[in-house]
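> let's see this in three dimensions:
(4 chains)
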2 protein chains.
Amino acid sequence: MQADFRQLCADHGIAMTHQRQVLYEVMQGMEGHPSPEEVYALVKKKVPAVSLATVYKNIHLFVESGIFRKMSMHHGSVRVEMNSEDHHHMVCSKCKAITDIGEKELGLSPTQRRLSDGFLVERYSVDVIGLCAKCQKA
Amino acid sequence: MQADFRQLCADHGIAMTHQRQVLYEVMQGMEGHPSPEEVYALVKKKVPAVSLATVYKNIHLFVESGIFRKMSMHHGSVRVEMNSEDHHHMVCSKCKAITDIGEKELGLSPTQRRLSDGFLVERYSVDVIGLCAKCQKA
DNA sequence: TTATCGGACGATAATACTTATCATCTTTAA
DNA sequence: TTAAAGATGATAAGTATTATCGTCCGATAA
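Coordinates of the predicted model:
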């Protein structure tokens, strides 16, 4: 599996380092939209000398090189998307909780590949704003 | 028109002050997604003694009371939506430029009012990620 | 109109998050 | 194996935002 990560790095044109490997594995094991601090805390358990700056730098590197996808909206800090399925987000306007919802379940399948001004579509990202079940009761 | 703003404040349950009125009028005159600093710069021309903190506090107040809508995604700072038409956003994955696109033009009209886990839909906010015309050439 | 009181204001300190700097160490490629 | 390029850790600095607090303003009642 170290070989796997080495290959992944090669495929994405970045150097393979021990810190990056641990960071990648830790992030793979997390769900939802972890913050840099949360990732840092876990990486530190395996590499106590790791620096927060390294975590930030490599999260950005992973995002830029396409290994992970960024989803920073609605949080006060940078977040990375750990759900690799096609999905969107439900955002509660009251408690701000963010829940994933599958593309199919959302029942929204845009097809246009080119929009006004010649904008070339890569993908759609939908936020459904509303009230979660818990906040409806209150 | 001062009476208008007074009424608006009353309708939204907030007190009317000179600073708030100027802030509101300045923001009404801005397009796109101005940052607090940009708003502050303009307000300062009319009320030189205004504090940046007041601008922040009242932008939040306007958003919380429903006078304006927040759209903070993709920017490094809080942004307010000045386009009152129903619309979504096209985000260039290369240059990060954000352009509005009308609801109709997007060709996406979701209808579901209730989603999984009983989530009650208020509205949909769609970000189209892709390449703007300029970045496609380069 | 004036007195009163709660909320709003301005100045600025503090905080949260993120990035920059730089000396040292590790990877990569020859 | 070795030199060059790049990565790391420690920490300073930067950016955006929020908290604090003494003073002042605006809404209400008299």
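
> contact partners of whichever helix or strand residue A:100 is part of?
Using DSSP states H and E, residue A:100 sits in strand A:98-102. Outside strand A:98-102, the residues within contact range by C-beta atoms under 8 Å, 6 or more residues apart in numbering or on different chains are A:32-33, A:74-75, A:83, A:85-92, A:128, A:132, B:115-117, B:119. The way it works is simple: take the backbone N, C-alpha and C, and place the C-beta from them, glycine included.

> repeat that for 6 Å
Strand A:98-102 has contacts (C-beta atoms under 6 Å, 6 or more residues apart in numbering or on different chains) with A:83, A:87, A:88, A:89, A:90, A:91.

> now, which of those residues sits nearest chain B?
For those, the residue nearest chain B by C-beta to the nearest C-beta is residue A:90; the value is 5.0 Å.

> most neighbours among the contacts of strand A:98-102, which one?
Using other C-beta atoms under 10 Å in any protein chain shown as the neighbour test, the contacts of strand A:98-102 are led by residue A:90, with 23 neighbours.

> contact partners of the helix or strand containing that one?
According to DSSP H and E, residue A:90 maps onto strand A:87-92. Residues outside strand A:87-92 that contact it (C-beta under 6 Å, 6+ apart) are A:74, A:98-102, A:106, A:126-129, A:132, A:135, B:119.

> swap in stretch A:12-30?
With contact meaning C-beta under 6 Å, 6+ apart, stretch A:12-30 is reached by A:5-6, A:9, A:39, A:42-43, A:46-47, A:50, A:54, A:58, A:65, A:67, A:82.

> touching chain B at all, the longest helix along chain A?
Criterion DSSP state H: the longest helix present in chain A is helix A:52-64. No. Counting by C-beta under 6 Å from any C-beta of the partner chain, chain B has no neighbours in helix A:52-64; the shortest distance is 10.9 Å.

> so residue A:135: helix, strand or coil?
Under DSSP: H, G, I helix; E, B strand; the rest coil, residue A:135 falls in the helix class.

> which residues touch the residue nearest to the spatial centre of chain A?
Taking C-alpha atoms, centre = their mean, the centroid of chain A lies closest to residue A:81, which sits 1.6 Å from it. Residue A:81 makes contacts with A:69, A:71, as judged by C-beta under 6 Å, 6+ apart.

> need the phi and psi values for it.
When read as degrees, to the nearest 10, the backbone of residue A:81 gives phi -80, psi 120.

> now residue A:126
Backbone torsions of residue A:126, given as degrees, to the nearest 10, read phi -110, psi 130.

> name the residues linked to it by a beta bridge.
Beta-bridge pairing for residue A:126 (DSSP bridges): residue B:126.

> how many other residues sit next to it?
Residue A:126 has 21 neighbours, counted by other C-beta under 10 Å.

> my guess is it meets residue B:126, correct?
Yes. Residue A:126 is in contact with residue B:126 according to C-beta atoms under 6 Å; the separation is 5.2 Å.
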